[in-house]
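model the structure of this input:
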Amino acid sequence: MTEQLADHTTLRLGGPIGQLLTHTHRDDWPDIAQAVRAHDLPPLILGGGSNMITPDAGYPGPVVRIASRGIRARPFDDERVDLVVQAGEPLDRVVDYATEHGLSGIEYLAGIPGTIGAAPVQNTGAYGQEISDTLASITAYDWRLQAAVQIPASACGLTHRSSHFKTIGNWTILSVTLRLRRSTSAAPVTYQRLAEALGTSLGSQPPLATATTGVRADRTAHGLSIPPSGPDSRQVGSVFINPTITQAQAEHIKQHGGPIHQGDDGRPRASAGWLIEYVGHSPGSPIATGIHCSTKRALTLVARERATSATFEEALQRLRHTVRATTGVALDVEPQIIKGVPLA
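Take a look at the predicted model:
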């Protein structure tokens, strides 16, 4: 029976796969790369499939599922430790490893689905932490050079929910090195909602285990986790990035009760979820055939009966158009929409 993209993505949409290649051990990569090069089409790379919208027509070329595991700790100095992690390790498991070994720097990323190899692609972040805070380097396969290369974090182009890996398609991440701090305490809490969930104050540093447990509980309570079953189980998480806006737009949003965040560049950012609700879509709202806002938050779209990748994309475009027409704010889609773009 032909493998389907729907079997390897959390949205559970997408058609047949030309050839599925599963990378389970780092020593097997040369064989995987050789098999890929035998095809005329470039490879489609899958990790946990939690941030991808794959085509209904499927992908006729090679699909490489990154499932390599392994975490190796090595001291960097008296205060820091490098974790060298194979790309197929679930990010949440890496958080648990760090917590268990008294290493701080990724505790607020607990509960985020997907693999560690996918985390640098969109500079995964939550509750004031981003993978860029601790990323030291990446080992990636360069399809043009046909060789593995070491890329320092400074050369990855990491910005808010983006990187060179998201915009340039000639690398496949094989392993990630994180530089974490030896500490049994978490990084300072910077989000008021998290402070309230943890029963602490802004700036406090709760124990690592308390932080990760509290983050997971808060994510579940606010619909930020992918449930294993139920009406919200087929999803890709937040579908839009919080947009950078002008000062005039920020003042307008504040006047209407909307939250404003400050980006690392000092420019104001609006809440994409608030904008969607402002233009009339609440949790549970139908958007397109088979596509609804999740039962807990408007910023997450879920697939239900009769959903297709095409109707999911249609829902995204409807929301973007409505928000732009009503507020003048342009929303950028967060999950990757796979179209099979050539490498060259």
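
give me the nearest residue to residue 303, chain neighbours excluded.
residue 234 (4.1 Å; C-beta to C-beta, 6 or more residues apart in numbering). C-betas here are computed from N, CA, C, even on glycine.

need the contact list for the one you found.
Residue 234 makes contact with 10-13, 302-304, 307, according to C-beta atoms under 8 Å, 6 or more residues apart in numbering.

again, but for residue 331
Residue 331 neighbours (C-beta under 8 Å, 6+ apart): 240-241, 243, 272, 275, 319-320, 323-324.

quick one: buried ones out of those?
Buried by 16 or more other C-beta atoms under 10 Å: 240-241, 243, 272, 275, 319-320, 323, out of the contacts of residue 331.

element containing the nearest residue to residue 171 once chain neighbours are set aside?
Spatial nearest neighbour of residue 171, chain neighbours left out: residue 140 (4.1 Å); criterion: C-beta to C-beta, 6+ apart. Secondary structure assigned from DSSP states H and E places residue 140 in strand 135-142.

what average pLDDT does that strand get?
Strand 135-142 carries an average pLDDT of 98.

measure the closest residue to residue 53 other than its chain neighbours to residue 310 for me?
Spatially, and ignoring its direct neighbours in sequence, residue 53 is nearest to residue 337 (4.8 Å; C-beta to C-beta, 6+ apart). Here residue 337 is placed at a distance of 11 Å from residue 310 (C-beta to C-beta, to the nearest Å).

in the stretch 51-200 of the chain, which spans are helices?
Per DSSP state H, counting those that start in this stretch, the stretch 51-200 of the chain carries helices over the ranges 91-100, 164-167, 192-198.

tell me the most buried of those?
helix 91-100 (a mean of 20; mean count of other C-beta atoms under 10 Å).

which residues touch that helix?
Under the contact criterion C-beta under 8 Å, 6+ apart, helix 91-100 has outside partners 71, 83, 85, 103-107, 109-116, 118-119, 124, 178, 180, 208-209, 212.

chain center to it: distance?
16 Å (C-alpha atoms, centre = their mean, to the nearest Å).

what average pLDDT does that helix get?
Mean predicted confidence for helix 91-100 is 98.
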